[in-house]
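S.K.: what follows is a predicted protein model with its sequence.
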Amino acid sequence: MNHPSTPPWPEGAEGEEPEISAEEAELAAELTRALELGSSGKATDPRVLPLVETAGLVQASQKFDLSPAREQALRGELSPLWKKAPVRAAAPTGRLIRVARWLPLPVAAGGALLWGIQQHSGAPLQSEAPREQAVASAPTAREVAAWDEPGVPFPAPSAALVRAQTEVLVQSHESGGARADVRQTLDRGLSDYRQLVLASLGREEGPE
Amino acid sequence: MKSRVDVVRRACSAVVLLVGLGLVGACGREERAPAPLAAPTMTRAAWLEAVRQAHAGVDGAQSSDDKNDALRRIAVVLDEATPLPEASAAPVRQDLASRAARLALELGRADEARGWAERGLALGNGMPFFRANLLVELADAERMLGKNEAAREHLVQALGINQDLLDRELEEP
């Protein structure tokens, strides 16, 4: 890999050692191993491939710059990654992101997408724009957190419901539409969730 | 040479941004302000009951006539001023708009479906799960109109929202 000589995030957070659990330390080691495998191109074990793919995206952030528009367009090519991450490898991905969340280091990740696509398709892709453009388009951690908050204590959708939605999304993305049985599973879950939401509003205090 | 910890830090930070960029893509379209609302004319309980009835109409719709009736009922509720704070009402309205869009799709009216989905998305962030549903309806409408590229873009936005929901679910103890 051809890494830039300077890190693609602002200096300053380097000295802050986050607390890390034994499990997270293990994950860090696992990720490091995946990074090495990803670099060597020798990863074939299906249990580790999703991690390698994630690691590949990560490595690419150090290699490419990408305009937000190009990044947006290329994300449409990420079907293989999405297919593995949310459906088949949700746990490793979630664990990675949990670890990642106490490392608030801004990085232009658009190039990572490019690299991941390249790894999957073998197609040569080129960098297009300065990293600053991608950085400018990225939300701050606070903005993301604020967007996450609905402002009202609605019940969260269950994991089963979110996964049903994932199935619909993945099938729609890959096949141009979801199968009827998959759609029905989502609709059934939605119906139950809808009742919960309406019930929570019925209990909410406020003037009539 | 950077240590392994440095490498992991870089790695994790990129994953954070990957998710962040997904969210930016997901919420970058809905800047239109909703239409000004008139003074509420019904109580909270009455409005919620009207919402339930509108959903019941969709649930029981079999024929095209049923579906058109259900659509009209949803339109009435969405046009009605709500007695709830907008932040509370927005997810409910998003969900209704999503169902209207799905009905229109079932009736083969892609333009109308797109209109319903866009109306729901214009309500603002609301609830991420319902936003993702609206993006699915919008994608299906675009595909029906032959705009596959636009459809794919909406699905990618929805995937970004959905991924974040999955991640949060996995973070729960």
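M.R.: Noted; the coordinates are in hand.
S.K.: what's the distance between the residue nearest the centre of chain B and B:Arg109?
M.R.: Nearest residue to the geometric centre of chain B (Cα atoms, centre = their mean): B:Arg131, 2.6 Å. Distance, B:Arg131 to B:Arg109, by Cβ to Cβ, to the nearest Å: 22 Å. Placement of C-beta: from N, CA and C, glycine included.
S.K.: next: B:Ala56.
M.R.: From B:Ala56 across to B:Arg109, the span is 22 Å (Cβ to Cβ).
S.K.: neighbour-wise, which of these two wins?
M.R.: B:Arg109 (18 against 12; other Cβ atoms under 10 Å in any protein chain shown).
S.K.: how about that one, phi and psi?
M.R.: Note on B:Arg109: backbone dihedrals following degrees, to the nearest 10 are phi -110, psi 80.
S.K.: what's the pLDDT at residue 149?
M.R.: The chain I'm using is chain A. On the pLDDT scale, A:Glu149 is placed at 37.
S.K.: wrong one, I was asking about chain B
M.R.: 86.
S.K.: ok, it to chain A distance?
M.R.: Using Cβ to the nearest Cβ, to the nearest Å, B:Glu149 is found at 8 Å from chain A.
S.K.: for B:Glu142, same thing?
M.R.: 11 Å.
S.K.: cool, and B:Ala54?
M.R.: Using Cβ to the nearest Cβ, one gets 11 Å for the distance from B:Ala54 to chain A.
S.K.: where do the helices sit along chain B?
M.R.: Ranges of helices in chain B, per DSSP state H, are B:4-26, B:44-59, B:64-79, B:86-106, B:110-121, B:128-144, B:148-171.
S.K.: which stretches of chain B aren't confidently modelled?
M.R.: Screening chain B residue by residue with the criterion pLDDT under 70, one finds the ranges B:1-41, B:168-173.
S.K.: give me that answer again for 80
M.R.: The model of chain B has pLDDT under 80 over residues B:1-42, B:125-126, B:163-173.
S.K.: still on that earlier bit, A:Gly189 is nearest to which of the helices of chain B?
M.R.: Evaluated over these, closeness to A:Gly189 peaks at helix B:128-144, with 10.2 Å, by Cβ to Cβ.
S.K.: got the angle for the closest one vs helix B:148-171?
M.R.: Using axes from the mean of the first three to the mean of the last three Cα atoms, to 10 degrees, the inter-axis angle of helix B:128-144 relative to helix B:148-171 is 160 degrees.
S.K.: now helix B:128-144: buried residues?
M.R.: B:128-144 (16 or more other Cβ atoms under 10 Å in any protein chain shown).
S.K.: do the same with stretch B:77-94
M.R.: Buried residues in stretch B:77-94, defined by neighbour count with 16+ other Cβ under 10 Å: B:77-78, B:80, B:82-84, B:88-94.
S.K.: now, among the residues you listed, which is nearest to A:Gln184?
M.R.: When the buried residues of stretch B:77-94 are ranked by distance to A:Gln184 (Cβ to Cβ), B:Gln94 comes first, at 21.0 Å.
S.K.: ok, now how distant is the closest one from B:Ala117?
M.R.: When distance is defined by Cβ to Cβ, B:Gln94 is 10 Å away from B:Ala117.
S.K.: overlap in contacts, these two.
M.R.: Between them, B:Gln94 and B:Ala117 have B:Leu134 as joint contacts when contacts are counted by Cβ atoms under 8 Å, 6 or more residues apart in numbering or on different chains.
S.K.: my read: B:Leu145 touches B:Ala113, true?
M.R.: No - counting by Cβ atoms under 8 Å, B:Leu145 does not reach B:Ala113; the two are 9.2 Å apart.
S.K.: compare those two and say which is more crowded by neighbours.
M.R.: Comparing B:Leu145 with B:Ala113 by other Cβ under 10 Å, the one with more neighbours is B:Ala113, at 25 against 14.
S.K.: that one against B:Glu137, yeah?
M.R.: Yes - under the criterion of Cβ under 8 Å, B:Ala113 lies in contact with B:Glu137, with a separation of 6.2 Å.
S.K.: report the contact partners of B:Arg143.
M.R.: Taking Cβ under 8 Å, 6+ apart as the contact definition, B:Arg143 lies against A:176-177, B:151.
S.K.: make it 10 Å
M.R.: By Cβ atoms under 10 Å, 6 or more residues apart in numbering or on different chains, the contact set of B:Arg143 is A:172, A:176-177, B:105, B:110, B:150-152, B:154-155.
S.K.: do A:Val182 as well
M.R.: Each residue near A:Val182 by Cβ under 10 Å, 6+ apart is listed here: A:164-165, A:167-168, A:170-172.
S.K.: near chain B, from those residues?
M.R.: Among the contacts of A:Val182, the ones lying near chain B by Cβ under 10 Å from any Cβ of the partner chain are A:165, A:168, A:170, A:172.
S.K.: the host helix or strand of the last one - contacts with which helices or strands?
M.R.: Think A:Ser172. Applying DSSP states H and E as the criterion places A:Ser172 in helix A:159-175. With contacts defined as 3 or more Cβ pairs under 10 Å, 6 or more residues apart in numbering or on different chains; DSSP states H and E, helix A:159-175 has these neighbours: helix A:79-82, helix A:90-101, helix A:180-203, helix B:128-144, helix B:148-171.
S.K.: winner for burial among those helices?
M.R.: Per-residue neighbour counts averaged over each of the helices and strands packed on helix A:159-175 give the maximum for helix B:128-144, namely a mean of 26 (mean count of other Cβ atoms under 10 Å in any protein chain shown).
S.K.: that older thread, need the overlap of contacts for B:Ala113 and B:Glu137.
M.R.: Common contacts of B:Ala113 and B:Glu137 (Cβ under 10 Å, 6+ apart): B:100-105.
S.K.: what distance do you get for B:Asp66 to chain A?
M.R.: Where chain A is concerned, B:Asp66 sits at a distance of 16 Å (Cβ to the nearest Cβ).
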